[in-house]
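Visitor: The amino acid sequence is not available; the structure is as follows:
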């Protein structure tokens, strides 16, 4: 598996020659809009830092045969723009372009009461990588690689560390960090101290560099 982080939550994941892009949102408009060679786009929820419709239209125009996997809330918005999608929600799985996908969870982490409480679906992309979107969903099965959200108005650094310790992946890497200062501060430093002591590799992906995971 190869992963390139374009920024925040937008990843390009290559599995067996297929490229999957996650959550093309408002933090990575320039990077994602010009990307070619994408087979599948996965969208976890409708918040603009994960779902930027104008960028998505450009991605579709650059990758005319791509498929989109998402939940019914995002699907409703896509339908308003005449964009087809494949529905995959909590408890469902499918194989697309020979890549396995499995959906877990149904709700965004709480910001404050019902503010921002949209439908959020996390996905296994392949059988090894779990990308939870904006939630700390336990999929109830072995996670080898975890895309770990480390910052946002719905968390502190303690919670993602506890989440990683609960899931016990072999390796995790930070996502949802586009709003942080360039050096990322404690959101990267503290997990790098705690998690390796507990047998979990914490790998910070260099933006724009494809890495073998």
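Guide: Nice, thanks for sending it over. Just so we're clear, the structure is a prediction, and the values are computed from it rather than from any experiment.

Visitor: Helix or strand for residue 166, just tell me which one.
Guide: Using DSSP states H and E, the element containing residue 166 is helix 158-167.

Visitor: and that helix, how far from the chain's centre?
Guide: Computed by C-alpha atoms, centre = their mean, to the nearest Å, the chain-centroid distance of helix 158-167 equals 17 Å.

Visitor: got it, and stretch 71-90?
Guide: 17 Å.

Visitor: One more: stretch 155-175?
Guide: So, by C-alpha atoms, centre = their mean, the centroid of stretch 155-175 is 14 Å from its chain's centroid.

Visitor: same check, this time on stretch 73-92
Guide: With C-alpha atoms, centre = their mean, you get 16 Å for stretch 73-92.

Visitor: again with stretch 70-87
Guide: Stretch 70-87 has its C-alpha centroid displaced from the chain centroid by 17 Å (C-alpha atoms, centre = their mean).

Visitor: Also stretch 68-87?
Guide: Chain-centre distance of stretch 68-87: 17 Å, with C-alpha atoms, centre = their mean.

Visitor: which of the residues in that stretch are buried?
Guide: 68-71, 73-75, 77-78, 85 (16 or more other C-beta atoms under 10 Å). All C-beta atoms are positioned from the backbone trio N, CA, C, and that covers glycine.

Visitor: which residues of this structure score low on pLDDT?
Guide: Scanning the chain for pLDDT under 70 picks out nothing.

Visitor: burial count for residue 156?
Guide: Neighbour count of residue 156, defined by other C-beta atoms under 10 Å: 12.

Visitor: a helix runs through it, doesn't it?
Guide: No: counting by DSSP: H, G, I helix; E, B strand; the rest coil, residue 156 falls outside a helix, being coil.
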